[in-house]
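J.: Quick one: sequence and predicted model below, then my questions.
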Amino acid sequence: MSKGQLYFDKITELSIFNSDSVLFKEALVSLATDSGLHPLVPYFTCFIADEVSRGLGNFCVWLEVYLRLVRCIFVHGFTAQHSVYLPLLRR
C-alpha cells in the first residue's frame, strides 16, 4: 500500500469517526499545505461526494466536516499550485 493510500485512508477514517480530534485538525493542515498530495484530489472529491450523499439524514453535522476537507484541498490548490486543480475538476 502506498503512502498516499495510507494518508487518504487515515484522513477519511478520521473524518468519519473522529472529526473533532486534534489529529484530524493536523491532518487538515497537512492537506492544505503539502504540495505532494494533489494526486489524491480526485479520490477526496469522490469520497466527499459519496459521504455527503450517504449522510443526508445528518446533513448539518457531516456538511461541516466535508466542507473543511474541501476548503483545505482548494486553499492549497489555488494558492500554492496556481490553480493546479482546475484540470482535475473538469474530468
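T.: Done, it's in.
J.: And the helices in the protein?
T.: 3-17, 22-33, 41-54, 59-79, 86-89 (DSSP state H).
J.: Give me the angle between the third one and helix 22-33.
T.: With axes from the mean of the first three to the mean of the last three Cα atoms, to 10 degrees as the criterion, the two stretches helix 41-54 and helix 22-33 enclose an angle of 130 degrees.
J.: so how far is helix 41-54 off the chain centroid?
T.: Its chain's C-alpha centre and that of helix 41-54 lie 8 Å apart, by Cα atoms, centre = their mean, to the nearest Å.
J.: Give me the number of neighbouring residues for the closest residue to residue 68 other than its chain neighbours.
T.: Using Cβ to Cβ, 6 or more residues apart in numbering and skipping the chain neighbours, the partner closest in space to residue 68 is residue 28 (5.9 Å). Any C-beta I mention is one placed from the backbone N, CA and C, and that applies to glycine too. Residue 28: 21 surrounding residues under other Cβ atoms under 10 Å.
J.: measure residue 28 to residue 20 for me?
T.: Residue 28 sits 12 Å away from residue 20, taking Cβ to Cβ, to the nearest Å as the criterion.
J.: intersection of neighbour lists for the two?
T.: The overlap between the contact sets of residue 28 and residue 20 (Cβ atoms under 8 Å, 6 or more residues apart in numbering) is empty.
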